[in-house]
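# sequence plus the predicted model coming up.
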Amino acid sequence: MEILVIGSNTNITQPSFTIKHTMTDSIDVSVFCLGENGKVHNDNGMVFYGASKSACGTVTLESKEILMNLNNVPSNIEKFAIAATTDNGTFATHPAISFDSSDFECQLDTNGRSESALILLEIYKRNNSWKVKFVGQGFNGGLKPLAEHYGVDIADEPVVESSPKPAPLTTPTLTVNLSKISLTKSSPKVDLTKKAGQIGLIKVNLNWEKGKSSFFSSGIDLDLGAFIELKNGEKSIVQALGNRFEYSPYIKLLADDRTGDSSNGEWIHIDGNNINNVKRIIIFTFIYSGSPNWDKANAVVRLHVPDMPPIETQLNETSSNTGFCAIAELTVKNNTVAVERLNRFFKGHADCDKAYGWGFKWSAGSK
């Protein structure tokens, strides 16, 4: 394994490999699939939070990992540029960034980095062989100018006009929408663009910093769950405790990550085509094992809704001795589905039940 410094490179010995990194979820990772001119061939050449897998299948972004399969690279792609951007502030406010793969490892010192965008690594083809270079180059601006630098056509924000003008006759082109909906204290709610019954599959993902177990402390294992209430008054819970993984046909918890090692975190699927029978769904998480320290968990929840930008909320409030958090509530009224950030912390399921009127009886459980 090679220890790379900025500007150095080494050979890639295996066509399929994983690059692990230490960037937090507040940093957006993107990969650009470039031709010999250093530009993408079309807007499908950008891999980011809105499209986490390349069209050719070479690149897949997961939390803390970039999966590469160079067996799938089309002949017109010569290079992959791995970059990172931050929405707020500069990289100087973030800890050092480490990369680890089977052929190399490197670390970028962020001290004094005044940029909000960085070009980190390049994986490129030279004499029919693949190599990796540690770039570490700052870039002025955020994700939009970075993407445009690589030839990506970015969709402008829509402009509302008093009297609509006829659309000009132009050749259709692909454009990438970089928007991301962040639910915060000041902006806690958003309506889904499609009506209930026509939404499709809603995917809810929870990811967090697991941490490492040691003699003195244990890593943090969060469990994802949901309370659901139908319009006819029926109520249920889906969670790993008690092996309650599904309430058909409305909601399903995918297989629980009991080890805490999965880079994908945990997922809940909601059938948006059946959600018109639902009154409300409350997404929650609780610390199944480890110290109740939400600051260290750095948990983030993302809702992936068809034809909408990702909706995310971060569990960034300081809360001690409370191992349970009600994250977000989905409500259905007049065929409109709304998502509202809650981020309320409780000692456990029973306390949350009292706050939101679920009406269940609780006893200790295990999985």
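Arrived safely, thanks for sending. Numbering: from 1, shown residues only.

# following the worst-scoring helix or strand of the chain on mean pLDDT, which helix or strand shows up next?
Within the chain, judged by mean pLDDT, DSSP states H and E, the helix or strand with the poorest mean is helix 294-297; its value is a mean of 74. Heading C-terminal from helix 294-297, the first helix or strand you meet, by DSSP states H and E, is strand 300-304.

# mind listing residues that contact that next one?
Identification of contacts with strand 300-304 by Cβ atoms under 8 Å, 6 or more residues apart in numbering yields 25, 202-208, 283, 285, 310-315, 327-328, 339. (C-beta placed from N, C-alpha, C; glycine too.)

# kindly export the least confident helix or strand of the chain (C-alpha atoms) in CSV.
Taking Å, rounded to 0.1, in the frame of the first residue of the first chain, the C-alpha atoms of helix 294-297 are listed here in CSV:
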residue,chain,number,x,y,z
TRP,A,294,-26.2,12.3,19.9
ASP,A,295,-23.4,14.8,19.3
LYS,A,296,-21.0,11.9,18.5
ALA,A,297,-23.6,10.1,16.4
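
# which secondary structure element is home to Pro145?
helix 143-149.

# one step back: among the contacts of strand 300-304, name the ones in strands.
Using DSSP state E, 202-207, 283, 285, 311-314, 327-328, 339 are the members of the contacts of strand 300-304 that sit in strands.

# so which of the residues you listed is the most crowded?
Val204 (26 neighbours; other Cβ atoms under 10 Å).

# contacting residues around that residue?
Val204 touches 224, 226, 267-270, 283, 301-304, counting by Cβ under 8 Å, 6+ apart.

# likewise for Thr90?
Taking Cβ under 8 Å, 6+ apart, we find Thr90 in contact with 113-116.

# what ranges in the stretch 101-250 of the chain fall below the confidence cut-off?
Where the stretch 101-250 of the chain drops to pLDDT under 70, the residues are 156-174, 210-219.

# hey, where'd the strands end up in it?
For the stretch 101-250 of the chain, the strands defined by DSSP state E, counting those that start in this stretch cover 104-108, 117-126, 129-139, 181-182, 189-191, 201-207, 221-230, 235-238, 246-247.

# quick one: which of the ones you listed is nearest Glu78?
Across the strands of the stretch 101-250 of the chain, Glu78 has its closest neighbour in strand 117-126 (5.2 Å, Cβ to Cβ).

# and that closest one, what other elements does it pack with?
Using 3 or more Cβ pairs under 8 Å, 6 or more residues apart in numbering; DSSP states H and E, the elements in contact with strand 117-126 are strand 79-86, strand 97-100, strand 129-139, helix 143-149.

# got the buried residues for the first one?
Within strand 79-86, the residues scored as buried using 16 or more other Cβ atoms under 10 Å are 79-86.

# the longest one now?
Along strand 129-139, these residues count as buried under the neighbour rule (16+ other Cβ under 10 Å): 130-136, 139.

# who are the packing partners of it?
Packing partners of strand 129-139 (3+ Cβ pairs under 8 Å, 6+ apart): strand 9-11, strand 104-108, strand 117-126, helix 143-149.

# rerun at 7 Å
strand 9-11, strand 104-108, strand 117-126 (3 or more Cβ pairs under 7 Å, 6 or more residues apart in numbering; DSSP states H and E).

# out of those, flag the one nearest Asn71.
Across the helices and strands packed on strand 129-139, Asn71 has its closest neighbour in strand 117-126 (13.1 Å, Cβ to Cβ).

# ok, residues contacting the closest one?
12, 68, 78-85, 91, 99, 108, 130-139, 141-143, 146 (Cβ atoms under 7 Å, 6 or more residues apart in numbering).

# which positions in that strand come out as buried?
So for strand 117-126, counting by 16+ other Cβ under 10 Å, buried means 117-125.

# now do stretch 34-50
Residues 34, 40, 43, 45-50 are the ones in stretch 34-50 that count as buried (16+ other Cβ under 10 Å).

# among these, which are located in strands?
Residues from the buried residues of stretch 34-50 lying in strands, with DSSP E as the criterion: 34, 46-47.

# could you find the closest non-adjacent residue to Trp362?
Spatial nearest neighbour of Trp362, chain neighbours left out: Ala350 (4.4 Å); criterion: Cβ to Cβ, 6 or more residues apart in numbering.
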